[in-house]
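# sequence first, then the predicted structure, then my questions.
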There are 2 protein chains.
Amino acid sequence: MSSPTPFGPDATVADIGEFGLIAEFVQRFDQGPAVYVGPGDDAAVLRTPRGHVVVSTDLLVENRHFRRDWASAHDIGRRAAAQNLSDINAMGGTATGLTVGLALPPDLPAQWVVDLADGIATEAALVGASVIGGDLTRGTEVVIAVTVLGACDQAPVLRSGARAGDVVAIAGRQGWAAAGLAVLGRGFRSPRAVVVAHQRPEPPYDAGPLAARAGATAMIDVSDGLVADAVHVARASAVSIDLHSAAFPLEDPLISVGAALGVDPMEFVLGGGEDHPLVATFPAGTTLPEGFRVIGAVSEPGDEGPAVTVDGMVYAGSPGWSHF
Amino acid sequence: MSSPTPFGPDATVADIGEFGLIAEFVQRFDQGPAVYVGPGDDAAVLRTPRGHVVVSTDLLVENRHFRRDWASAHDIGRRAAAQNLSDINAMGGTATGLTVGLALPPDLPAQWVVDLADGIATEAALVGASVIGGDLTRGTEVVIAVTVLGACDQAPVLRSGARAGDVVAIAGRQGWAAAGLAVLGRGFRSPRAVVVAHQRPEPPYDAGPLAARAGATAMIDVSDGLVADAVHVARASAVSIDLHSAAFPLEDPLISVGAALGVDPMEFVLGGGEDHPLVATFPAGTTLPEGFRVIGAVSEPGDEGPAVTVDGMVYAGSPGWSHF
């Protein structure tokens, strides 16, 4: 994926300049068949044969969503793309194109930016999406603004379709990224498995379209926290959701991180975000698509309205991430 | 356009929180007929009956692209939307949807953010586009990342289609925003006309589709500078372009700003960006659409390759904006 660069390791963003960086980017971004007009014009043009486009935007801010000393630029690029691609996955769709806006301090190494671009391109290639445009500008901290476009083969799966009697199912790993973040926050670099899970999530990109085809009634990707995102589904659908902790047998790295940090490892599972698994609801009796397993049940809301419980009880831990 | 807010004038972004701000935003953003799924899910879905989507992304960074003491939040919002909508205009298209990513310092007044949202909605409404999604996060400086989606009634007009013998034409005001910026940079607030032009550009949104229909061979919006953007067309089209300074009779405010600041006012016209007029090339003999006037001619490139001249001479001033 990576190409040699025509500048030395000490070159900064200011040395290379906007157009030099754009030239480096463009040769790294393969253009797939959905691209009608790629980078280099006032706007890009993407083919949308299905008559709609699914679109999502996410910002990553340095020292808030990533730290340059905690992950390589390549991994940060993969993660920036992954969390956006995951939003299309959560609609039951497949991504086709991305735009990338970057605010960059002028003294940032140019190689860092090129590695970031390589990481974005690598992750986008996993689903066949092309980086079709973007914007580069100066900022005091690195901001990565990714917008992803895609399409669904059938009706998009919203958060609002869960019904009493549905089962709740998950596809993908949950809690590992949070354990990795906790480890990094204490200055450690191991267990390696959870640190890597934080640095480079692996959303189950096949699971979204499979769930849509199997008749998922609602779907979300876990980015704020399992309980927090289940609350989003419960409120949008006007239902209550009970999650079953026994559906999450604790894996060794989570147990050892919990023991080392004096934390109940179940908190990583229930409160953690950023692994980007999918949580979907299906009518009872649905044969779940490959990769999904049942983790809870949907019921009518109680007197106090839509709520999320764990094993029938209110979850007392932090439900997830707060942005301010 | 503006709604009353449920918080006091001293409330900060941190006081209101992400979900409080999103609630304020969503009620301000009318959803038009192109919107299939609006704000509130993992992604938005826009109808694209023409089988394609035109997409462009721009970042505005505080103290780089705007200053909070130089313009109101409402005007900054209008400008953020305008410069993105202008990119769709420059393809000959019309915008249908926008996503808005915001990085916000926690101590920023919540009212400032709400006014910004009102400004974005006001500008988007000029072309019938809806704000369909976005992302809010914390940052140390305000960053506004807008992605705009749209469609063309006919083939998009690229930068690369200009041919020797074409005429070069412009629609919209040019040089006023640069004069306004120069005035603000010296601590002045008048002449009011150019200050307002900088604070709130008025791109000629009808001109792009009109030019496409009239057979424009290439088109660009002036955002970097008239000469700089003409260079983009010349290089993409492998042609040379001569601009005629006599086509730009200097208007009073430009003359008075030039006199006050000791600057040749023609520099505002040739080097200025951010008014977002459209520059298009048309085959000779084309009846120009309403709003366009001839400002130059396209020729075969000389021995040194594609170049832009003014009255046959190399332009000695700053060609435009540098991002680093």
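Alright, I've got the coordinates.

# which residues in chain A form strands?
Under the criterion DSSP state E, strands of chain A are mapped to A:35-37, A:44-47, A:52-61, A:93-104, A:130-138, A:143-152, A:167-171, A:218-221, A:240-243, A:278-282, A:292-299, A:308-310, A:313-314.

# the fourth one: how far from the chain's middle?
Right, the one you point to is strand A:93-104. Distance, stretch centre to chain centre, for strand A:93-104: 13 Å (C-alpha atoms, centre = their mean, to the nearest Å).

# cool, the first one as well?
Distance of strand A:35-37 from the chain centroid (C-alpha atoms, centre = their mean) equals 25 Å.

# just checking, residue A:160 touches residue A:239?
No: assessed by C-beta atoms under 8 Å, residue A:160 is found out of contact with residue A:239, at 9.7 Å. To be clear about C-beta, it is placed using only N, CA and C from the backbone, and glycine gets the same treatment.

# of those two, who's got more company?
For residue A:160 versus residue A:239, the count of surrounding residues by other C-beta atoms under 10 Å in any protein chain shown is larger for residue A:239: 25 against 17.

# angles on the backbone of that one, please.
Torsion angles at residue A:239 (phi, psi; degrees, to the nearest 10) stand at phi -140, psi 170.

# against residue B:18, how distant is it?
23 Å (C-beta to C-beta, to the nearest Å).

# okay if I get the strands of chain A as CSV plus mean pLDDT and distance to chain B?
Compiled in CSV, those are given as follows (pLDDT from 0 to 100; distance: least, C-beta to the nearest C-beta, whole Å):
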stretch, mean pLDDT, distance to chain B
strand A:35-37, 93, 6
strand A:44-47, 94, 5
strand A:52-61, 96, 4
strand A:93-104, 97, 4
strand A:130-138, 94, 5
strand A:143-152, 97, 4
strand A:167-171, 98, 14
strand A:218-221, 98, 6
strand A:240-243, 97, 17
strand A:278-282, 98, 10
strand A:292-299, 98, 17
strand A:308-310, 95, 16
strand A:313-314, 90, 20
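
# mind listing what's buried along stretch A:205-224?
By neighbour count on 16 or more other C-beta atoms under 10 Å in any protein chain shown, the buried set for stretch A:205-224 is A:205, A:207-212, A:214, A:216-224.

# next one: stretch A:234-248
Across stretch A:234-248, burial judged by 16+ other C-beta under 10 Å covers A:234, A:235, A:236, A:237, A:239, A:240, A:241, A:242, A:243, A:245, A:248.

# which residues sit against that stretch?
Stretch A:234-248 has contacts (C-beta atoms under 8 Å, 6 or more residues apart in numbering or on different chains) with A:158-164, A:166, A:168, A:170, A:174-175, A:218, A:226-227, A:230, A:233, A:266, A:269-270, A:281, A:293-302, A:306-312, B:40-41.

# quote the end-to-end distance of stretch A:185-201.
17 Å (C-alpha to C-alpha, to the nearest Å).

# for stretch A:309-316, same thing?
10 Å.

# give me the distance between it and the centre of its chain.
On C-alpha atoms, centre = their mean, the centre of stretch A:309-316 falls 26 Å from the chain's centre.

# what residues does the stretch 151-300 of chain A have near chain B?
For the stretch 151-300 of chain A, the residues in contact with chain B (C-beta under 8 Å from any C-beta of the partner chain) are A:152, A:156, A:158, A:159, A:160, A:219, A:220, A:221, A:236.

# helices of the stretch 201-324 of chain A, residue ranges please.
With helices called from DSSP state H, counting those that start in this stretch, the stretch 201-324 of chain A shows them at A:207-213, A:226-237, A:252-261, A:266-271.

# a markdown table for the ones you listed, including mean pLDDT?
Listed next are the helices of the stretch 201-324 of chain A as a markdown table, based on pLDDT from 0 to 100:
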| stretch | mean pLDDT |
| --- | --- |
| helix A:207-213 | 98 |
| helix A:226-237 | 96 |
| helix A:252-261 | 94 |
| helix A:266-271 | 94 |
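
# can I get those in CSV with distance to residue A:100?
Converted to CSV, those look like this (distance: least, C-beta to C-beta, whole Å):
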stretch, distance to residue A:100
helix A:207-213, 22
helix A:226-237, 25
helix A:252-261, 32
helix A:266-271, 30
